[in-house]
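1. the sequence isn't on hand, but the structure is:
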């Protein structure tokens, strides 16, 4: 089962990498507006009470072309930016 899910996820990521239909990212970190919205939606849908690793796997499953690690890293970067902006305001 896990191998099938991993294979399906890999195929999904490859297809997304070949797709050219997404809105370009505003920054150099390769996140489109569509991907950001997908991640935000999945973060609202997936309960925070779920085990961390499983939660980020499920979040990434809903974000075209992104891995769980990329999603988690993006989240940490955005939290840091928000904290920095709040402290400098």
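-> Sure thing, it's come through. What you are looking at is a predicted structure, and each value in this text was computed from that prediction instead of being measured.
2. so, low pLDDT: which residues of this structure?
-> Along the chain, the model assigns pLDDT under 70 to residues 1-29.
3. what about the helices in it?
-> 2-18, 33-45, 52-61, 68-88 (DSSP state H).
4. now the ones you listed in a markdown table, with mean neighbour count?
-> Where C-beta positions appear, they are placed from N, C-alpha and C, glycine not excepted. Listed next are these as a markdown table, based on neighbours: other CB atoms under 10 Å:
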| stretch | mean neighbour count |
| --- | --- |
| helix 2-18 | 11 |
| helix 33-45 | 15 |
| helix 52-61 | 17 |
| helix 68-88 | 13 |
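5. surely residue 43 meets residue 60?
-> No. Contact criterion CB atoms under 8 Å: residue 43 and residue 60 do not qualify, at 10.8 Å.
6. Provide the backbone phi and psi angles at residue 50.
-> For residue 50, the backbone dihedrals (degrees, to the nearest 10) come out as phi -70, psi 150.
7. residue contacts, the nearest residue to it once chain neighbours are set aside?
-> The shortest distance from residue 50 to any non-neighbouring residue, by CB to CB, 6 or more residues apart in numbering, is to residue 58 (7.4 Å). Residue 58 sits next to 42, 46, 50 when contact means CB atoms under 8 Å, 6 or more residues apart in numbering.
8. what number of residues lie near the last one?
-> The local packing count at residue 50 equals 13, with neighbours defined by other CB atoms under 10 Å.
9. then the second one?
-> As a burial measure, the neighbour count of residue 46 was computed by other CB under 10 Å and equals 17.
10. verify the stated contact: it with residue 57.
-> No. Between residue 46 and residue 57 there is no contact under CB under 8 Å: 9.5 Å.
11. now do the same contact list for the closest residue to residue 56 other than its chain neighbours.
-> Of all residues not flanking residue 56 in the chain, residue 68 sits nearest, at 4.1 Å (CB to CB, 6+ apart). Applying CB under 8 Å, 6+ apart to residue 68 gives the contacts 53, 56, 57, 59, 60.
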